[in-house]
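Participant: could you work out the structure for the sequence below:
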Amino acid sequence: MERKPKKPSKLQQEERRLETGRLLLENRMSQVQTVRHLGISDVSVAHWEQRLEAENHN
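Facilitator: Residues are numbered from 1 along each chain as shown. Purely as a prediction, here's the structure:
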């Protein structure tokens, strides 16, 4: 039987969101590079990039 990986804790999720934001804001990595580097979904990275852009336009 195949085991599912453990879901990250709330703290781990927040750390990933902050790291994603930092990498995207600093233009250090593209979305694809960020996905690979942090091991998160492309949907999550796209979502956080949209939120950062919206916050920066206000």
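Participant: which residues of this structure fall in helices?
Facilitator: Counting by DSSP state H, the segments of the chain that form helices are 10-25, 31-38, 42-56.
Participant: tell me the gap between the last one and the middle of its chain.
Facilitator: So that's helix 42-56. When C-alpha coordinates are averaged (Cα atoms, centre = their mean, to the nearest Å), helix 42-56 and its chain have centres 9 Å apart.
Participant: cool, and the shortest one?
Facilitator: If you compare the mean C-alpha spot of helix 31-38 with that of the full chain, they lie 8 Å apart, counting by Cα atoms, centre = their mean.
Participant: what do you get for the first one?
Facilitator: Relative to the mean C-alpha coordinate of its chain, helix 10-25 is positioned 6 Å out (Cα atoms, centre = their mean).
Participant: contacting residues around it?
Facilitator: The contact list for helix 10-25, computed with Cβ atoms under 8 Å, 6 or more residues apart in numbering, reads 8, 29, 31, 34, 37-38, 40, 44-45, 48-49, 52. C-beta here means a position set from N, CA and C on the backbone, and glycine is covered the same way.
Participant: quick one: these as TSV, columns for distance to Arg16 too.
Facilitator: Listed next are the contacts of helix 10-25 as TSV, based on distance: Cβ to Cβ, whole Å:
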residue	distance to Arg16
Pro8	7
Met29	13
Gln31	14
Thr34	10
His37	10
Leu38	6
Ile40	6
Ser44	8
Val45	10
Trp48	9
Glu49	14
Leu52	14
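Participant: any chance of those in TSV, plus pLDDT and neighbour count?
Facilitator: Shown next, in TSV, are the contacts of helix 10-25 (pLDDT from 0 to 100; neighbours: other Cβ atoms under 10 Å):
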residue	pLDDT	neighbour count
Pro8	82	13
Met29	83	17
Gln31	86	16
Thr34	87	24
His37	88	14
Leu38	85	17
Ile40	87	18
Ser44	88	17
Val45	88	25
Trp48	86	20
Glu49	86	16
Leu52	83	15
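Participant: low-confidence ranges in the protein?
Facilitator: The chain contains residues with pLDDT under 70 at 1-5, 58.
Participant: if we use 90, what do you get?
Facilitator: Low-confidence segments of the chain (pLDDT under 90): 1-8, 12-14, 16-32, 34-35, 37-41, 44-45, 48-58.
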